[in-house]
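J.: pasted the sequence and its predicted model underneath.
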Amino acid sequence: MATDIAAGGRLRDRVGARAPASVFAALGVALVAGGAVAPAFETLLFVWGGTALFVALLLRFVATGDTVSAAVATDIYTAAAGNARRGSPAGDHRYVSGADGVELVVGDSAFDAVGERLLATSGVLEADAAVVDGGTADGEAAIDERLAVLADVLVNDLELARRARASTDGGVATVTVTGSRVGTTELFDHPVASVVGVGLARGRDAPVAVEATVEDGELVVTATPTASR
């Protein structure tokens, strides 16, 4: 007996599930119509109706891209990170820049860094090369300038966190993230830590050792320049 199974007819629009454009459109039309039949409140109703229609337009044409929930992304990352941790030696995590980009080095093993792909995919490496990739006249960007760019990238470009704040102390950089979109059960090449490590390692003469910990529900990434691979 042959069986044919198909899925996809009811693919859920994650943005629409939270704030459907059709609801705002219907509300906008109703408010505008109410303004037409109630002249005493027409200004207020027209303003509200126009706002609702504008929101519907944004939801329909701007915020309708496919998304993956944070829970799904966390599950995928946790499994992959756990497997990588079991297959790698214990030791410091260092992000080392080479001819082919930045690698994550743990002991004597090297891994593709998640942050390298994230920064490249987002276009940040090209758009902000002068800051993130050490593109100043002397070949080295100030660490605080790099951190400002990376914190903005984490929150606004990659949307990996709700908030990020950074500080430096004697060359050691600390980035504290609130509301990480990817859970912190496993911290092997965590996307946030990887972006920080890769961003700071690019264009530097020394590798960057990165330690990620969870403190009071916040992800704290500490990056320290090192002299050895």
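T.: Structure received.

J.: all strands of this structure, in order?
T.: According to DSSP state E, the chain carries its strands in the segments 93-98, 101-106, 109-112, 163-169, 172-178, 208-215, 218-225.

J.: ok, residue 209 - how many residues close by?
T.: Using other C-beta atoms under 10 Å, residue 209 is surrounded by 21 other residues. Where C-beta positions appear, they are placed from N, C-alpha and C, glycine not excepted.

J.: with residue 219 instead?
T.: 24.

J.: test my guess that it contacts residue 183.
T.: No: in this structure residue 219 lies outside contact range of residue 183 using C-beta atoms under 8 Å: 9.7 Å.

J.: so which of the strands of the chain comes closest to residue 28?
T.: strand 163-169 (32.7 Å; C-beta to C-beta).

J.: pLDDT wise, what is residue 163 at?
T.: Confidence at residue 163, expressed as pLDDT, is 92.

J.: which residues of this structure score low on pLDDT?
T.: 1-21, 58-68, 89-91, 122-142, 203-205, 228-229 (pLDDT under 70).

J.: the lengthiest helix in the chain packs against which elements?
T.: Ranked by residue count under DSSP state H, the longest helix found in the chain is helix 42-61. In terms of contacts (3 or more C-beta pairs under 8 Å, 6 or more residues apart in numbering; DSSP states H and E), helix 42-61 is packed against helix 21-37.

J.: okay, the helix it packs on in CSV with CA atoms only?
T.: Provided in CSV are the C-alpha atoms of helix 21-37 (Å, rounded to 0.1, in the frame of the first residue of the first chain):
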residue,chain,number,x,y,z
ALA,A,21,-2.2,42.3,10.0
SER,A,22,-5.8,41.4,9.1
VAL,A,23,-7.0,42.3,12.6
PHE,A,24,-5.3,45.7,12.5
ALA,A,25,-6.7,46.3,9.0
ALA,A,26,-10.2,45.5,10.0
LEU,A,27,-9.9,47.7,13.1
GLY,A,28,-8.6,50.5,11.0
VAL,A,29,-11.4,50.3,8.5
ALA,A,30,-14.0,50.2,11.3
LEU,A,31,-12.5,53.2,13.0
VAL,A,32,-12.4,55.2,9.8
ALA,A,33,-16.0,54.2,9.0
GLY,A,34,-16.9,55.2,12.5
GLY,A,35,-15.4,58.6,11.9
ALA,A,36,-17.5,59.0,8.8
VAL,A,37,-20.8,58.3,10.6
